[in-house]
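**Q** Got a predicted structure plus its sequence, pasted below:
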Amino acid sequence: QVDELVARHAPRSLLDYGSGKGRQYIYKVRGEARCQHQSWDIMPHCYDPGVLAFSKKPSKQFDGVICTDVAEHIPESEVPWFLADVISYSTKFVFFVIFVEPAKKSLPDGRNAHLTVKPPTWWGHQLEAALHAVRLCNFSHTVGSYKPHDDGVLHIRGSLKGAGREIVSLFRIPPERQKP
């Protein structure tokens with residue numbers, strides 16, 4: 001899905017918001033490490049406040065923003081701010097992947113690592129509110145394809161288009177939680 005957005009929008013700059021250590025962008029060619037995604041000719045700027053090397057908050061916008069497996073780790077009270085912040089960095093598109101089930105891991109205080117476990121419709125409303133917060137109000141929302149992925153997880157694709165930007169969100173539901 002990100003590959004489709006990159007192909008469609010031809011970004012000159014990308015931000016991975018919540019990138020972790022950025023290992024997903026390192027691959028080997030003939031034994032030599034390369035720092036970019038295999039399918040793109042652009043290296044995303046990595047931002048992750050939990051990783052010292054990538055903890056400096058960006059001060060500019062990017063054509064595209066990628067944010068996968070991050071939003072559900074944000075406390076519910078901070079979700080509106082977080083989504084608006086992510087969206088505010090984009091000029092062309094944002095790609096979210098949001099897990100909507102509890103994580104297998106817990107935090108040291110015993111809480112589930114996924115602090116905000118809500119259905120896709122709740123997240124859709126939050127995304128719409130975030131767009132209004134960053135004054136991108138002319139968006140139309142559609143929820144499209146519901147299809148199992150190779151890993152057996154149901155991906156529900158929703159998109160918001162307008163004001164020259166596209167927001168794509170995938171909500172991941174494990175097989176054991178899918179309704180027949």
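**A** Sure, I can see it.

**Q** Let me see the mean pLDDT of stretch 70-80.
**A** What stretch 70-80 shows for mean pLDDT is 95.

**Q** what does it contact?
**A** When contacts are defined by CB atoms under 8 Å, 6 or more residues apart in numbering, stretch 70-80 is touched by residues 17-18, 82-83, 86, 96, 98-100, 103, 113-118, 123, 126, 129-130, 133. Yep, even glycine has a C-beta here, placed from its N, CA and C like the rest.

**Q** Alpha carbons of it, as CSV, please.
**A** Extracted C-alpha coordinates of stretch 70-80, given in CSV (Å, rounded to 0.1, in the frame of the first residue of the first chain):
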residue,chain,number,x,y,z
VAL,A,70,2.3,3.7,16.5
ALA,A,71,-1.2,5.3,17.0
GLU,A,72,-2.5,2.4,19.2
HIS,A,73,0.4,3.0,21.6
ILE,A,74,-0.8,6.6,22.3
PRO,A,75,-3.0,7.1,25.3
GLU,A,76,-6.6,7.8,24.2
SER,A,77,-6.6,11.4,25.7
GLU,A,78,-3.6,12.2,23.4
VAL,A,79,-4.8,10.6,20.2
PRO,A,80,-6.4,13.8,18.8
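
**Q** where does residue 53 land in three-state SS?
**A** When the structure is reduced to helix, strand and coil (DSSP: H, G, I helix; E, B strand; the rest coil), residue 53 reads as helix.

**Q** now it, nearest residue through space, not along the chain?
**A** Closest residue to residue 53 apart from its sequence neighbours, by CB to CB, 6 or more residues apart in numbering: residue 21 at 7.6 Å.

**Q** Now do the longest helix anywhere in the chain: which elements does it pack against?
**A** Selection of the longest helix in the chain by residue count, based on DSSP state H, yields helix 120-133. Using 3 or more CB pairs under 8 Å, 6 or more residues apart in numbering; DSSP states H and E, the elements in contact with helix 120-133 are helix 79-88, strand 90-99, strand 140-148, strand 154-162, strand 165-173.

**Q** Just the angle for that helix relative to helix 79-88, thanks.
**A** Following axes from the mean of the first three to the mean of the last three CA atoms, to 10 degrees, one obtains 60 degrees for the angle between helix 120-133 and helix 79-88.
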